[in-house]
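**Student:** Sequence unavailable; structure follows:
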């Protein structure tokens, strides 16, 4: 009887969501057409950009044909791209409902990157080893091939990486640094040609799957003239109960930003210390948005806080992380999550620490990892309340903190050495991770502690945040070959690849209850937030919802329903 009641309630929820979505989607536009070319092509990207709303839709061709659905009516700029091919930009107006066909013709790109073997893109010489062993642990080879800067500019870029702590082992000597800078200036200088790597195992293009998919990206408004030199930088999407998507804007002035996916409308709020920095965020059951502060460019002596934003009052409340100033090391918060009791946990990538904001006492307790260096990064919580976190520095490993036993346990990845940036729990409490610089994803069995790994079948792969949806499919962003959203089916061991709209990484993802994958194109030319719909025919709403308040609570809700059926 309990199972029958659960099924009846579940079907009612699904039907209500479907009916609401159908009425919401009824006023949107669709358009189809054909793409021709003098040379063969596969899975061309068809873009529809709405300049007024700062939105862009992208679908793929199959057999030279495409179909785009659920576009907001308005004026658009249409263009098509394939490998070495592009079409002119054409302007069109799309009305609600089905629009007349719009065709496009591809031609060879005049400024197309020359595709060359890896040995030609990265020739031998002093500095190459550091580039391939360290720099390419985060940046794919094409990152360098499209940039043309003198050695002095590359030196400034290297300095920025050093200052931000993104070169894990620094340099063994000033000469090693100089070799790298001179190598970059010589092979990727102002007079270098635009080049891309030729891969033996490029991203496979399955037109049958890709033709069902659609990307939508929402771009942040540019800074005002006073801050025009600072490029905005969206990070870590999260959904509220109204279907909006929240992100942090990491650059100065740093902000909390919210977009309504149904309209593309953005709203920004300055952080309490806007000359600082932000990274991750989370939202609790009361709708409060939690954002840990980072030092950034701050000159004040106020200290770092965990900041809480109430969207109803649009007011901030801050909680000091180290109110008595006992910690003398530099601290840098990273990612927060909310546990079942409403406490907020956050990692600290600098300082080898993590902390807990207690909902009852409203105070913060800071913990230090037993082994150092560790640099706690991505964080998640399993069904038993254990706090899991990726440890970015030192051995490639994942840490588990048991709050009840006050015990910290570490689990090493099979692949060593390597860098793990995120850890994510699935419905079975398996903990997924990606060895970012080695092209490997893996998971830890919570009972045995045993790690199992799978290599991503690409020449260059950078899996960032493997995260399971509610059906058990594991998704992650991969910028190894320019930017791709990847799906892995643990049962069939099959990978599926969805090349992104722009050349960018997709650091942290969030997945809706319907399986839409949200991300931020962090290093892309246009910052903001985006979403992949793997099957556009299954869209019921353009809004973004968890099954519950967040991915942790959503997993609990699914587990509870599964148990009640039995």
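**Tutor:** Structure's in. What do you need? As the structure is a prediction and not an experimental result, all values here were calculated from the model.
**Student:** Can you list the residue ranges for helices in the stretch 451-566 of the chain?
**Tutor:** 551-565 (DSSP state H, counting those that start in this stretch).
**Student:** repeat for the stretch 51-200 of the chain
**Tutor:** Taking DSSP H, counting those that start in this stretch as the criterion, the stretch 51-200 of the chain carries its helices at 118-121, 128-133, 141-145, 151-163, 174-187.
**Student:** Please compute how far the third one lies from its chain's middle.
**Tutor:** Averaging C-alpha positions (C-alpha atoms, centre = their mean, to the nearest Å) puts helix 141-145 20 Å from its chain's average.
**Student:** Stretch 343-360 too?
**Tutor:** Once both centres are worked out by C-alpha atoms, centre = their mean, stretch 343-360 turns out to sit 21 Å from its chain's centre.
**Student:** which stretches of this structure have low pLDDT?
**Tutor:** Along the chain, the parts satisfying pLDDT under 70 run over 1-22, 164-165, 168, 562-566.
**Student:** before we move on, the earlier item: can you tell me which of the helices of the stretch 51-200 of the chain is most buried?
**Tutor:** The highest average neighbour count among the helices of the stretch 51-200 of the chain, using mean count of other C-beta atoms under 10 Å, belongs to helix 141-145 at a mean of 22. In short, each C-beta sits where N, CA and C put it, glycine included.
**Student:** what's that helix packed up against?
**Tutor:** helix 118-121, strand 195-198 (3 or more C-beta pairs under 8 Å, 6 or more residues apart in numbering; DSSP states H and E).
**Student:** Nearest to residue 83 among those would be which one?
**Tutor:** When the helices and strands packed on helix 141-145 are ranked by distance to residue 83, counting by C-beta to C-beta, first place goes to strand 195-198 at 9.4 Å.
**Student:** Let me have the helices of the stretch 51-200 of the chain in TSV, extended by distance to residue 511.
**Tutor:** TSV is the format used below for these (distance: least, C-beta to C-beta, whole Å):
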stretch	distance to residue 511
helix 118-121	34
helix 128-133	33
helix 141-145	27
helix 151-163	31
helix 174-187	37
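**Student:** The ones you listed: which one's closest to residue 211?
**Tutor:** In terms of C-beta to C-beta, the element of those nearest to residue 211 is helix 141-145, at 25.3 Å.
**Student:** Can you tell me what sits against that closest one?
**Tutor:** The list of residues contacting helix 141-145 from outside it, by C-beta atoms under 8 Å, 6 or more residues apart in numbering, reads 113, 118, 121-122, 131, 184, 187-188, 194-197, 460, 481-482, 503.
**Student:** ok, how many other residues are close to residue 231?
**Tutor:** Burial measure for residue 231: 12 neighbouring residues, criterion other C-beta atoms under 10 Å.
**Student:** My error: substitute residue 370 in the last question.
**Tutor:** 13.
**Student:** For residue 307, see how far away residue 320 is.
**Tutor:** 11 Å (C-beta to C-beta, to the nearest Å).
**Student:** Ok, residue 316 next?
**Tutor:** 6 Å.
**Student:** When those two are compared, which one has more neighbours?
**Tutor:** For residue 316 versus residue 307, the count of surrounding residues by other C-beta under 10 Å is larger for residue 307: 21 against 18.
**Student:** For the residue lying closest to residue 265 once chain neighbours are set aside, pull up the helix or strand it's in.
**Tutor:** Nearest-residue entry for residue 265: residue 259, 6.9 Å, with adjacent residues in sequence omitted and distances by C-beta to C-beta, 6 or more residues apart in numbering. Here residue 259, judged by DSSP states H and E, is contained in strand 255-260.
**Student:** which other helices and strands contact that strand?
**Tutor:** strand 245-249, strand 265-270.
**Student:** and for it, what are the contacting residues?
**Tutor:** 218, 220, 234, 240, 243-249, 265-271, 274, 278, 281, 289, 291, 309, 311, 528-529, 543.
**Student:** Kindly report the same for stretch 114-130.
**Tutor:** Stretch 114-130 is contacted by residues 84, 131-132, 141, 144-145, 171, 176, 179-184, 186-187, 193-198 when judged by C-beta under 8 Å, 6+ apart.
**Student:** what's the spacing between stretch 112-132 and its chain's center?
**Tutor:** The chain centroid and the centroid of stretch 112-132 are separated by 27 Å, computed with C-alpha atoms, centre = their mean.
**Student:** cool, and stretch 57-67?
**Tutor:** For stretch 57-67, the distance to the chain centre is 24 Å (C-alpha atoms, centre = their mean).
**Student:** ditto for stretch 157-172
**Tutor:** Centroid displacement of stretch 157-172 relative to its chain, using C-alpha atoms, centre = their mean, is 22 Å.
**Student:** and if you look at stretch 254-265?
**Tutor:** Between the centre of stretch 254-265 and the centre of its chain there are 16 Å (C-alpha atoms, centre = their mean).
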